[in-house]
Structure formats: C-alpha cells, structure tokens
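A.B. asks: With the sequence up front, the predicted model follows.
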Amino acid sequence: QAHRMSAAALSLIDKLESSKPAGAAVAALRAVAEDNAVVISALDALPPSASSSGIATLQELQTRFEEQVHKKCRQAALVPAGQQGLEGQLLGMLFSTLKFPPGPEDAAPDSGKD
C-alpha cells in the first residue's frame, strides 16, 4: 500500500513539475489513498486546471513576467508626477520606450535614508 501511494505521489510530482496535465496521476493517487484524509484534502486543494492543462513552471512564470508584467510596471513607474490621466499614461509609454532600462551593473539610487 505504501509503495503504491509513494509511486502515485512521485508520478503526480513529476507531472506538476513539468507542467503536463496531471489528471491521470491525480486519479491514481486518489484511488490509492482513498482512506487517507490528508492526501485527499491535498488533492482537493489542487486547482482544477492542474488536471486538464497543467501548472506553469517557474521558468514559464518568469518569462511571462518579463514579457507582460515588467513592461506595464515600467510604463506606470515612468508616468510623470501629477499626471495620472490619459496624457500621463501616454507619456509613461513614451518614456519607457525612449529610456533604456537599467542594467545589472548599474547601482541602485541612494534613498537618502540611514
């Protein structure tokens, strides 16, 4: 019983770490651990999308952040003070396009707080 449960759990871990659909692995572990409330509770906590489409890996999340979120945050950070309207958003987009992003060798600005 313990060997079957550990094999099913390892199969589920493999599916989750590789962003592959884990429906069969979840069903197998649920069948093996039908009397283990802790395992069943953990399986119930998984999002339904994990069974059908998998869970994004760390590399996929980092790529998505770089492509989508970072660009929008940079635009918002470059909106001039006091210009929160449409013209401010347009200026933020323009400034983020014209201004080069800081590189890893650039030092962070001093905050003036000690």
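C.D. replies: Sure, I can see it. Keep in mind that what you see is a predicted model, and the values were worked out from it rather than measured.

A.B. asks: Which of the helices or strands spans the residue nearest in space to the middle of the chain?
C.D. replies: When CA atoms, centre = their mean is applied to the chain, the residue found nearest the centroid is Leu61 (4.1 Å). When secondary structure is defined using DSSP states H and E, the element that contains Leu61 is helix 58-64.

A.B. asks: Now do the nearest residue to Gln89 once chain neighbours are set aside against Leu90, distance only.
C.D. replies: For Gln89, the nearest residue in space outside its immediate sequence neighbours is Val79; the separation is 6.4 Å by CB to CB, 6 or more residues apart in numbering. C-beta here means a position set from N, CA and C on the backbone, and glycine is covered the same way. Val79 sits 9 Å away from Leu90, taking CB to CB, to the nearest Å as the criterion.

A.B. asks: same check, this time on Ala22
C.D. replies: Relative to Leu90, Ala22 is positioned 44 Å away (criterion: CB to CB).
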